[in-house]
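**Q** Build me a structure from this.
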Amino acid sequence: MPTKYLTRLKNRFAVAERTMAFQFEKPPHFTFRAGQWIDISLPHPSETDEKGNVRGFSIASAPQEDFLLVATRLRDSTFKRELAKMPLDSEVQIEGPGGSLALHNNPARTAVFLAGGIGVTPIRSILFRAAKEKLPHRIFFFYSNRRPEDAPFLEELTRLQQENPNYTLIATMTQMDKSPQPWTGETGYIDQAMLSKYLGTAQSPIYYVVGPPGMVVGLHNLLNQIGIDDDDIRTEDFGGY
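**A** Alright, predicted model coming up:
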């Protein structure tokens, strides 16, 4: 059962344009599985709205890391304004963990992650756990964003391939015409051609689709259209982000 803990905000930093990560102390005895989420409660906010003072966040840090990391788009909501201006060392309450998104156990089956934008957060946790534990799973991560500057954790997820030779990142940008940055990776939306290009040798893959509801539905439909059974598809959508 989820348990309540008190913790403190220790750091915050930008991980993409209009996207901020928040690092909290990991409470003693708090454990979770990579891919799970927590609820964060603000005890004494200066303002609130009809949704109250609690929001759910996927844990972006791996279980082996000595802190809890979450990230969010900085949309104009009272909760996010409060979180963005809260002084460091402020106390918050977390409750959890919850959620069932997790890397499958059978290392003979390939893991294929499909995500966009802030949907990367639970996948970051899973990928860093796999690297730190040297798991034998073959992993592909198709990561779609408008521009490189919109892609949370892009640089460290790219570097992680050097630590884990079983992991391949396929980052793709859909609006490079609006970016001044150079880009030599994939462009366009994740589609059948892009999947086929990289997954030719994938063994009995299990697909994980994470992101905004519209993207999750679209990619789920794509996988069904190319013959992937729902038993091999796991989804989690991020409404309201």
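
**Q** residues contacting the residue nearest to Gln225 when sequence neighbours are not counted?
**A** When the adjacent residues along the chain are set aside, Gln225 lies closest to Gln192, with 7.7 Å between them (C-beta to C-beta, 6 or more residues apart in numbering). The way it works is simple: take the backbone N, C-alpha and C, and place the C-beta from them, glycine included. With contact set as C-beta atoms under 8 Å, 6 or more residues apart in numbering, Gln192 has these partners: Leu222, Gln225, Ile226.

**Q** Looking at stretch 120-140 now, give me its mean pLDDT.
**A** In this model, stretch 120-140 has an average pLDDT of 98.

**Q** hmm, back to that, scan the contacts of Gln192 and report the most crowded one.
**A** Neighbour counts for the contacts of Gln192 (other C-beta atoms under 10 Å) peak at Leu222, which has 18 neighbours.

**Q** Could you verify my assumption that that one touches Ala193?
**A** No: when contacts are counted by C-beta atoms under 8 Å, Leu222 is not listed as touching Ala193 (11.0 Å).

**Q** Return every residue with contacts to both of these two.
**A** Among the neighbours of Leu222, none is also in contact with Ala193 (C-beta under 8 Å, 6+ apart).

**Q** rewinding a little: possible to save the contacts of Gln192 as CSV with pLDDT?
**A** Output for the contacts of Gln192, formatted as CSV (pLDDT from 0 to 100):
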residue, pLDDT
Leu222, 97
Gln225, 97
Ile226, 95
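
**Q** phi, psi of Glu149?
**A** phi -70, psi -10 (degrees, to the nearest 10).

**Q** ok, it - contacts?
**A** Residues touching Glu149, when contacts are defined by C-beta under 8 Å, 6+ apart, comprise Ala16, Glu17, Ser179, Gln181.

**Q** Give me the pLDDT value at the residue nearest to Leu88 when sequence neighbours are not counted.
**A** Counting by C-beta to C-beta, 6+ apart, the nearest residue to Leu88 once its immediate chain neighbours are dropped is Leu9, at 5.8 Å. Predicted confidence (pLDDT) at Leu9: the value is 97.

**Q** same thing with Gly117?
**A** Residue-level pLDDT assigned to Gly117 equals 90.

**Q** What is the burial count for it?
**A** Gly117 sits with 22 neighbouring residues when counted by other C-beta under 10 Å.
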